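1. Quick one: sequence plus predicted model below, questions after.
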Amino acid sequence: MVETSARLLALLSLLQLKRDWTGSELAGRLGVSTRTVRADIGRLRSLGYPVDARPGVAGGYRLAAGTAMPPLLLDDDEAVAVAVGLGAVATQRVGVEETSLTALAKLEQVLPSRLRRRVEAVREATSVVPGADPPLDLSVLGTVAAAIRGHERLRFGYTKPGGDTGDRHTEPHRLVGWGPLWYLLAWDLDRDDWRVFRVDRMVAHAPTGARFRPRVIPEGNVVEFVVKRVSKAAWTYRARVLVHAPAAKVAAKIPIPVDIEAVDESTCRVELGSNDPDGLALWMTQLDVDIEVVDGQELAAAFDRLATRLRRAAGGAEAGGGEEPGGKVTSAHEVRPRGFGGTPSVPIAEQRREEGARVPMTLEEATALAERAHAGQTDKAGRPYTEHVLAVRDRLAGHGESVQMAGVLHDVLEDTPLTAADLRARGCPAEVVAAVEAVTRRPGESYDDLVRRAAADPLGRLVKLADNAHNADEERLAALPAARAERLRAKYARARETLLAAGTPGPGGPV
């Protein structure tokens with residue numbers, strides 16, 4: 001009876017691993033006959049597990065969704081991951097805090113003591129910035145968390161952004177999750193200073209056993225210290241601005257830690273940055289206070305472009321608007337919004353370009369151009385290809401108009417007759433054209449080489465991340481044959497790892 005029960009548990013574990021198994025595959029893994037497999041499948045069904053069977057040569061077994069939830073088998077790492085995840089959700093304001101706590105209490109009640117210690121170690125050693133969604137890889141996090149909890153020195157291999165590798169000898173202090181990544185704040189014993197390490201670039205060894213006394217963190221707040229260090233390293237553009245509002249009021253409105261220095265009771269200086277100055281300028285207008293750019297040419301130019309667009313939106317004459325012979329006042333860009341008459345129309349802007357006027361392309365124009373260029377094309381699942389480019393554009397909404405333009409145009413050079421020269425002639429900004437070229441596959445170029453090239457362009461990396469995320473959407477993959485979908489999952493996961501290794505998405509958030 002014990003042997004049969006153990007075999008049933010092994011069979012259930014296999015069925016939970018993947019969607020489909022043939023009878024012969026299961027028999028081979030369990031070391032029994034296919035007849036025994038059929039009998040064991042019947043026993044699982046009698047216990048409430050809904051196992052579907054398909055007859056024929058290509059048939060097999062799969063664990064289906066049922067009307068009630070039967071017992072679920074979790075290995076050690078899975079159980080710890082679920083417990084830590086439930087604990088994290090219980091601290092967020094997402095509407096399921098109480099349910100998460102009750103589920104966590106039930107799970108911890110049945111966890112072996114060795115797993116409870118692992119859960120407590122990870123929980124005590126980690127902090128997560130609100131809105132962050134870093135993956136929980138216990139193979140490294142568990143080792144690091146145990147060293148943090150036990151105040152043990154930790155050695156690990158580390159790969160720098162340029163590819164150089166080496167060993168680090170540290171006193172680990174805290175794990176911080178921000179955006180899609182985990183970071184370790186540690187005292188580097190070889191450099192005699194605080195350092196922030198990306199956990200996905202670490203190969204952790206076992207703790208050395210040597211104990212240390214925790215040091216006092218500069219500035220006191222671990223999360224603020226880590227986020228400031230990481231964000232400054234990731235910014236392509238930096239700026240200092242004078243904000244006509246109290247420092248405390250400004251700090252309350254900025255979602256990430258930045259350097260804020262009070263000038264007086266009603267004014268403060270703020271040092272911040274971004275990979276997209278246009279997106280940063282747009283975001284700063286939401287502070288709803290007067291701002292002066294003290295240092296940062298790119299941000300000042302972005303504010304100037306934003307002011308031009310706003311005047312144009314209001315129909316102001318300074319933005320190139322005028323009066324038609326019939327007395328109708330027009331702006332430089334006449335656009336029909338989506339949902340009010342179909343595809344956006346931009347005849348006036350195009351006419352002015354033909355006459356030699358320098359009119360920069362807008363996001364609405366880029367969208368209209370992409371829709372016309374991809375008209376009639378379909379994706380791998382047979383759906384209109386415009387759905388994909390619009391989804392990529394929308395995923396980049398928090399990163400500024402330039403990145404969104406590159407997102408909606410990201411495939412026009414590869415899949416349509418349009419060229420980079422065509423985009424420039426239509427007023428497409430140079431950085432947008434460069435980003436589109438960065439994500440366009442060259443003749444004979446492998447997919448992995450394309451991803452590495454895209455990762456080197458600040459805008460192109462964000463566009464490729466958004467493109468990758470939508471391509472990897474399970475709803476899209478579900479429409480493909482299972483084998484092909486599995487290959488694509490692995491391909492997209494590999495690409496995302498390469499792109500994230502080049503840097504975080506920045507203040508605009510994950511894509």
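-> Received the coordinates, thanks. Residues are numbered from 1 along each chain as shown.
2. Adjacent strands (with direction) for the longest strand seen in the chain?
-> Ranked by residue count, the top strand of the chain under DSSP state E comes out as strand 165-178. Counting by DSSP bridges, the strands paired with strand 165-178 are strand 126-128 (parallel), strand 154-159 (antiparallel), strand 181-188 (antiparallel).
3. Can you tell me which of those strands is packed in deepest?
-> For these, the largest average neighbour count (mean count of other Cβ atoms under 10 Å) is found in strand 181-188, namely a mean of 22. Yep, even glycine has a C-beta here, placed from its N, CA and C like the rest.
4. Could you check how far the longest strand of the chain is from the centre of its chain?
-> 22 Å (Cα atoms, centre = their mean, to the nearest Å).
5. Point out where the stretch 1-150 of the chain drops to low pLDDT.
-> 1-6, 17-19, 56-59, 65-73, 86-101, 104, 106, 108-110, 130-133, 136 (pLDDT under 70).
6. One more pass at 80, please.
-> For the stretch 1-150 of the chain, residues meeting the criterion pLDDT under 80 lie at 1-10, 12-13, 16-19, 47-49, 54-59, 64-113, 115-116, 118-119, 122-123, 128-140.
7. hmm, back to that, pipe the strands paired with strand 165-178 into TSV and attach distance to T36 per row.
-> Converted to TSV, those look like this (distance: least, Cβ to Cβ, whole Å):
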stretch	distance to T36
strand 126-128	45
strand 154-159	46
strand 181-188	44
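8. So for whichever strand or helix holds L310, mean pLDDT?
-> Using DSSP states H and E, L310 sits within helix 297-313. Averaging pLDDT along helix 297-313 gives 86.
9. Same question for stretch 250-269.
-> 83.
10. ok, the spatially closest residue to F212 that is not a sequence neighbour - contacts?
-> Nearest residue to F212, sequence neighbours excluded (Cβ to Cβ, 6 or more residues apart in numbering): E171, at 4.6 Å. By Cβ atoms under 8 Å, 6 or more residues apart in numbering, the contact set of E171 is 151, 153-154, 186-187, 189, 212, 214-215.
11. residues near R442, how many?
-> Using other Cβ atoms under 10 Å, R442 has 11 neighbouring residues.
12. What confidence value was assigned to it?
-> 85.
13. likewise the one 3 residues further on?
-> E445 carries a pLDDT value of 82.
14. what's the distance between it and R453?
-> Taking Cβ to Cβ, to the nearest Å as the measure, E445 falls 8 Å from R453.
15. Could you do L111 as well?
-> 46 Å.
16. before we move on, what about R213?
-> 47 Å.
17. Of those two, which one has the most company?
-> Neighbours per residue, other Cβ under 10 Å: of R213 and R453, the larger number sits with R453, 19 against 6.
18. Leaving out chain neighbours, which residue sits closest to the more buried one?
-> A438 (6.2 Å).
19. burial of the one you found, as a residue count?
-> 21.
20. for the protein, what's the longest helix?
-> The single longest helix within the chain, with elements called by DSSP state H, is helix 482-501.
21. can you give me the strands for the stretch 151-300 of the chain?
-> With DSSP state E, counting those that start in this stretch applied, the stretch 151-300 of the chain shows strands at 154-159, 165-178, 181-188, 193-198, 202-204, 237-243, 259-264, 267-274, 291-295, listed in chain order.
22. Lowest average pLDDT across those?
-> strand 202-204 (a mean of 83).
23. circling back: strand 267-274 and the helix holding L310, what's the angle between them?
-> 90 degrees (axes from the mean of the first three to the mean of the last three Cα atoms, to 10 degrees).
24. what about stretch 207-219, distance to the chain center?
-> The answer for stretch 207-219 is 31 Å, by Cα atoms, centre = their mean.
25. quick one: contacts of that stretch?
-> By Cβ under 8 Å, 6+ apart, the list of residues contacting stretch 207-219 reads 143, 146-147, 150-155, 171, 173-174, 185, 187, 194, 225.
26. Now with 10 Å, please.
-> 143-144, 146-148, 150-155, 169-174, 185, 187, 189, 194, 224-226, 228, 257 (Cβ atoms under 10 Å, 6 or more residues apart in numbering).
27. Weed out the non-buried ones from the residues you listed.
-> 143-144, 146-148, 152-155, 169-174, 185, 187, 194, 224-226, 228, 257 (16 or more other Cβ atoms under 10 Å).
28. ok, V119 - how many residues close by?
-> 23.
29. Packing partners of the host helix or strand of it?
-> Here V119, judged by DSSP H and E, is contained in helix 113-125. With contacts defined as 3 or more Cβ pairs under 10 Å, 6 or more residues apart in numbering; DSSP states H and E, helix 113-125 has these neighbours: helix 76-89, helix 97-110, helix 138-150, strand 165-178.
30. The same query, at a cut-off of 6 Å, please.
-> Counting contacts by 3 or more Cβ pairs under 6 Å, 6 or more residues apart in numbering; DSSP states H and E, helix 113-125 packs against helix 76-89, helix 138-150.
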